[in-house]
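Participant: A structural model of the following input is requested.
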Amino acid sequence: MEHSTLSPFAAWESFYVIVGSSSAALTGLQFVVIVLAADLKALRDVTTARAFATPTIVHFCAVLLMSAILSAPWQAPSSAAFGLGACGVVGVAYVVTVIRHARRQTEYAAVVADWVWHGVLPLIAYAALLVAAILLRRYAAPSLFVIGAAAVLLLFIGIHNAWDAVTYIALERQHRPDGGGR
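Facilitator: Numbers count the residues shown, from 1 in each chain. All right, here's what the predicted structure looks like:
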């Protein structure tokens with residue numbers, strides 16, 4: 001019974017090669033952003049980095065992990081579902097932690113868009129991943145589309161948040177009298 005549900009994984013191989021490769025490359029670029037921010041003294045508090053920089057790396061790495069999980073030669077979909085479900089649970093817990101860090105940091109006054117991109121959208125992505133993982137064995141085709149959408153959403157969240165950080169550091173920082181950053 002489970003063997004017949006393995007075929008949908010193969011159909012997604014190219015998708016996960018593209019998405020996984022993109023997230024790996026973007027993770028490397030985010031490291032460059034962090035080094036530049038540190039060099040410009042734009043991130044002076046570790047809590048701010050935990051709230052606004054580290055989550056971008058985590059989201060890119062989650063996409064890479066999801067891609068690896070779905071590209072592995074599983075004997076049964078339930079094994080892949082377990083890995084994806086664990087990623088969803090850890091992701092939801094991590095987003096709650098990120099929100100706590102964002103509320104505690106004092107260097108940057110978060111606006112509505114920050115809460116949406118750093119809290120709401122990642123929470124939706126990880127929760128959708130968790131639900132799809134739970135339903136994967138029974139409803140493989142729709143679950144794989146939800147998992148794919150969660151991966152793309154996390155990739156776009158990471159791209160948006162990295163861009164937001166770079167533009168903030170490059171543009172907003174120069175307008176502050178103390179030259180301070182986020």
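
Participant: And the helices in the chain?
Facilitator: Ranges of helices within the chain are 7-11, 13-39, 46-52, 54-71, 77-104, 112-115, 121-135, 140-167, based on DSSP state H.

Participant: so which of the ones you listed is the most packed in?
Facilitator: Neighbour counts (mean count of other CB atoms under 10 Å) averaged over each of those peak at helix 54-71, with a mean of 23. For glycine as for every other residue, the C-beta is placed from the backbone atoms N, C-alpha and C.

Participant: Just list what that one packs against, helices and strands only.
Facilitator: helix 13-39, helix 77-104, helix 121-135, helix 140-167 (3 or more CB pairs under 8 Å, 6 or more residues apart in numbering; DSSP states H and E).

Participant: Give me the mean pLDDT for stretch 161-179.
Facilitator: Here stretch 161-179 scores 71 as its mean pLDDT.

Participant: pLDDT below threshold where in this protein?
Facilitator: Along the chain, segments meeting pLDDT under 70 span 1-8, 36-47, 172-182.

Participant: Give me the distance between the nearest residue to Tyr126 once chain neighbours are set aside and Leu153.
Facilitator: Nearest residue to Tyr126 in three dimensions, chain neighbours excluded: Gly91, at 3.1 Å (CB to CB, 6 or more residues apart in numbering). Computed as CB to CB, to the nearest Å, the Gly91 to Leu153 distance reads 11 Å.

Participant: Need the overlap of contacts for those two.
Facilitator: Counting by CB atoms under 8 Å, 6 or more residues apart in numbering, the contacts common to Gly91 and Leu153 are Ala125.

Participant: for the residue positioned nearest the centre of the chain, what are its contacts?
Facilitator: With distances taken as CA atoms, centre = their mean, the residue of the chain nearest its centroid is His59 (1.7 Å). When contacts are counted by CB under 8 Å, 6+ apart, His59 touches Pro122, Ala125, Leu154, Leu155, Ile157, Gly158, Asn161.

Participant: Trp12 now?
Facilitator: Residues near Trp12 by CB under 8 Å, 6+ apart: Leu70, Leu144, Gly148.

Participant: Distance to His101 for those residues - can I get that in TSV?
Facilitator: Shown next, in TSV, are those (distance: CB to CB, whole Å):
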residue	distance to His101
Leu70	30
Leu144	32
Gly148	29
